[in-house]
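>>> what would the 3D arrangement of this be:
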Amino acid sequence: MKKFLLTLLLCLLLLPAGLAEEEGRLYPAMDDATGLWGYIDGNAQWVIAPQFSWAGEWRGGYASAIPGDQDPEEFDHTGIIDRQGNWVLEPRYMIQGFFNYDPIGGLDGGLYLVWQEREDDERGSSPDGFFDVPSGFFSGLIYDSILSGRDDDSSVYYELDRLIPVDRGGRIAYVDRHTGEEAFTLPENVNADEYVYENFRYGYAMAVRYAGEGGVADALVFNEEGTVQDLGGLEFAEGGHGLRGKVTAGGILRVYDPEKELYGYWDLNAGDFLIPPQFAGAEDFSASGYACVMLEDGTFGHIDQTGNMLARGFSDWYEFWGEYAQADGKLIDAAGNTVLQLPAGIGVWQQESDWEDQKRLVSPEGLLGVYRHEDDFWGEGLMNLSGEWVLEMRDRQWVEADVIYAGYERFFPEGLQSVTRLTEVEGHVWEDSVWKYAWMNTAGEFITDFVYDDAGVFLGALAPFERDGLAGYIDQNGREVILWHTEIHHNR
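Below you'll find the model as predicted:
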């Protein structure tokens with residue numbers, strides 16, 4: 001898999017498509033003469049002069065940075081700047097804006113977690129304050145901890161609502177991230193040691209206590225006033241396909257009737273069934289409004305949010321990513337019609353994203369990333385909806401989404417896509433081989449040669465790269481517009 005050498009590149013790859021453009025996008029860059037970091041615009045002109053020993057990715061109207069007279073490895077000297085380069089949070093904190101390179105709550109709607117190293121209690125280096133990106137509100141270091149809200153830190157706060165969970169003296173409270181005002185506190189017996197706390201999604205949150213092999217012992221669903229929703233004896237749908245239910249768009253929750261041993265959907269806003277339990281298994285609704293269900297005869301189909309069965313008769317689970325799904329070797333649309341019969345042994349790789357509205361199988365230009373991995377053949381290519389090759393699959397040639405590890409896989413942003421090619425094989429194909437990168441457009445035409453050691457995603461005018469010990473950006477015509485040496489000056 002890709003081995004990204006610059007954390008700068010990794011961070012930049014993750015920016016979602018909705019980053020605000022009003023004031024123009026800014027890119028962290030280094031002045032090779034001084035080794036200091038600043039920010040450039042899409043024309044590669046300095047907007048914030050080089051003055052930092054480290055400069056983080058831009059998030060809304062703010063970015064995290066370390067002063068130029070501090071060691072960039074000293075994380076406790078990090079602060080937050082505005083678009084003029086002024087400190088809005090003095091550089092004396094440890095600041096976390098990502099978990100495994102996933103932005104906490106998104107770049108424009110999320111948080112920085114803030115803390116200072118302490119040895120006076122058990123909290124140590126646990127975040128105990130937050131900085132809200134949209135409002136610029138800083139809570140101060142007043143909490144015992146800021147709770148992750150999930151048991152997988154790589155995806156915490158990925159759809160952050162107004163309220164977030166915090167630990168205050170062992171009690172779990174939800175506070176308004178824009179103002180710090182406390183909305184409510186959960187009952188004392190619902191504690192952080194036994195419960196996993198979901199963040200608010202679409203006006204509701206969960207606290208779940210597990211038992212045994214991941215089974216649910218207790219689950220509370222509550223609104224922004226802290227009122228617990230009565231599910232009428234139904235259970236949080238832990239069983240069936242998928243380990244965890246979640247609140248989906250419109251306040252819909254997948255539920256399970258233990259007496260009938262059937263699944264259905266509950267409308268949390270109405271306090272009643274959206275679709276009464278009638279399925280042998282069920283998936284959550286996708287952002288596009290479809291859910292795959294298993295019928296009592298063991299076959300599969302999908303429904304819309306009115307309960308209409310749009311298609312049935314498939315042999316296994318499938319999921320809609322945008323308006324398409326891959327089922328039984330075919331690409332199907334919402335009506336269940338076959339859009340494309342895939343060649344034998346070929347699948348479509350999903351443009352997966354933790355942001356629900358960015359999940360898709362097909363790009364806006366009508367392109368699919370397809371793959372065949374079997375025996376000694378490892379190949380990926382690009383195909384259109386007519387089944388024609390845009391980039392033909394060849395042995396040991398990859399066409400990949402730009403963010404393999406983080407899940408923010410953007411497909412042809414700005415009409416350009418990075419392509420990875422294996423050029424030399426030494427030992428194990430993943431660990432000891434030589435990879436080179438290039439960019440191509442939606443017609444399959446390359447705007448660069450395969451000369452890059454690393455290639456990022458286009459965000460507006462520019463995309464980051466690394467080659468031959470140099471790093472920088474290229475524009476949409478494939479021209480390198482700024483360069484610096486990575487061997488001497490390396491962003492963390």
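>>> can you give me phi and psi for Glu414?
Backbone torsions of Glu414, given as degrees, to the nearest 10, read phi 60, psi 20.
>>> can I take it that Ala205 is in a strand?
Yes. Checked against DSSP: H, G, I helix; E, B strand; the rest coil, Ala205 lies within a strand.
>>> please name the nearest non-neighbouring residue to it.
Spatial nearest neighbour of Ala205, chain neighbours left out: Glu198 (5.1 Å); criterion: Cβ to Cβ, 6 or more residues apart in numbering. The C-beta positions use only the backbone N, C-alpha and C, and glycine is treated the same way.
>>> likewise for Gly281?
Met294 (3.5 Å).
>>> likewise for Glu380?
That would be Tyr371: by Cβ to Cβ, 6+ apart, it lies 4.5 Å from Glu380.
>>> which of the three states applies to the one you found?
Under three-state DSSP, Tyr371 comes out as strand.
>>> wait, it sits on Gly379?
Yes. Here Tyr371 reaches Gly379: they are 6.9 Å apart, a contact under Cβ atoms under 8 Å.
>>> what sits in contact with each of those two?
Contact criterion Cβ atoms under 8 Å, 6 or more residues apart in numbering; residues shared by Tyr371 and Gly379: Met393.
>>> hmm, back to that, for the residue nearest to Gly281, give me the backbone phi and psi.
phi -100, psi 130.
>>> same question for Val221.
Dihedral angles (degrees, to the nearest 10) for Val221: phi -120, psi 120.
>>> for it, name its beta-bridge partners.
Beta-bridge pairing for Val221 (DSSP bridges): Met206.
>>> show me what contacts it?
Counting by Cβ under 8 Å, 6+ apart, the residues that Val221 touches are 204-206, 228-229, 231, 236, 247, 253, 268.
>>> sorry, back to before: any idea what the residue nearest to Gly281 is bridged to?
When bridges are called by DSSP bridges, Met294 pairs up with Gly281, Phe300.
>>> burial check on it, number of neighbours?
Met294 has 20 neighbours, counted by other Cβ atoms under 10 Å.
>>> so it touches Arg312, yeah?
No. Taking Cβ under 8 Å as the definition, Met294 is not a contact partner of Arg312, at 10.4 Å.
>>> burial count for the residue nearest to Asp218 when sequence neighbours are not counted?
Closest residue to Asp218 apart from its sequence neighbours, by Cβ to Cβ, 6+ apart: Arg209 at 4.3 Å. Neighbourhood size, Arg209 [other Cβ under 10 Å]: 15.
>>> pLDDT wise, what is Arg209 at?
If you check Arg209, the pLDDT there is 76.
>>> and it, what element?
Assessed by DSSP states H and E, Arg209 sits inside strand 204-211.
>>> gap between that strand and the chain center?
On the basis of Cα atoms, centre = their mean, to the nearest Å, strand 204-211 sits 22 Å off its chain's mean C-alpha point.
>>> so what does it touch, helix or strand wise?
Identification of packing neighbours for strand 204-211 by 3 or more Cβ pairs under 8 Å, 6 or more residues apart in numbering; DSSP states H and E yields strand 195-197, strand 215-223, strand 247-248.
>>> elements contacting the shortest one?
Meaning strand 247-248. Under the contact criterion of 3+ Cβ pairs under 8 Å, 6+ apart, strand 247-248 touches strand 204-211.
>>> list the contacts of the closest residue to Val362 other than its chain neighbours.
Nearest residue to Val362, sequence neighbours excluded (Cβ to Cβ, 6+ apart): Tyr324, at 5.2 Å. Tyr324 sits next to 331-333, 339, 360-362 when contact means Cβ under 8 Å, 6+ apart.
>>> repeat that for 10 Å
288, 331-334, 339-340, 348, 360-362, 368, 385 (Cβ atoms under 10 Å, 6 or more residues apart in numbering).
>>> from those, list the buried ones, please.
Buried by 16 or more other Cβ atoms under 10 Å: 288, 331-334, 339-340, 348, 360-362, 368, out of these.
>>> of all those residues, which comes closest to Tyr112?
Using Cβ to Cβ, Arg360 is the member of the buried ones among the contacts of Tyr324 that lies nearest Tyr112, at 29.1 Å.
>>> need the nearest residue in space to that closest one, chain neighbours excluded.
Gly322 (3.5 Å).
>>> shouldn't the one you found be in contact with Leu368?
No. Between Gly322 and Leu368 there is no contact under Cβ atoms under 10 Å: 11.3 Å.
>>> which of the helices or strands spans the residue nearest to Ala282 when sequence neighbours are not counted?
Spatially, and ignoring its direct neighbours in sequence, Ala282 is nearest to Tyr263 (3.9 Å; Cβ to Cβ, 6+ apart). Assigned by DSSP H and E, Tyr263 falls within strand 262-267.
>>> what comes up buried for that strand?
For strand 262-267, by 16+ other Cβ under 10 Å, it's 262-266.
>>> quick one: contacts for Leu416?
Leu416 touches 439-442, 447-448, 457-458, 463, 474, 476, 478, counting by Cβ under 10 Å, 6+ apart.
>>> now those as JSON lines including neighbour count and distance to Asn189?
Shown next, in JSON lines, are the contacts of Leu416 (neighbours: other Cβ atoms under 10 Å; distance: Cβ to Cβ, whole Å):
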{"residue": "Trp439", "neighbour count": "22", "distance to Asn189": "56"}
{"residue": "Met440", "neighbour count": "20", "distance to Asn189": "57"}
{"residue": "Asn441", "neighbour count": "16", "distance to Asn189": "58"}
{"residue": "Thr442", "neighbour count": "18", "distance to Asn189": "56"}
{"residue": "Ile447", "neighbour count": "15", "distance to Asn189": "60"}
{"residue": "Thr448", "neighbour count": "22", "distance to Asn189": "60"}
{"residue": "Val457", "neighbour count": "26", "distance to Asn189": "46"}
{"residue": "Phe458", "neighbour count": "24", "distance to Asn189": "51"}
{"residue": "Ala463", "neighbour count": "26", "distance to Asn189": "51"}
{"residue": "Ile474", "neighbour count": "23", "distance to Asn189": "57"}
{"residue": "Gln476", "neighbour count": "17", "distance to Asn189": "57"}
{"residue": "Gly478", "neighbour count": "14", "distance to Asn189": "61"}
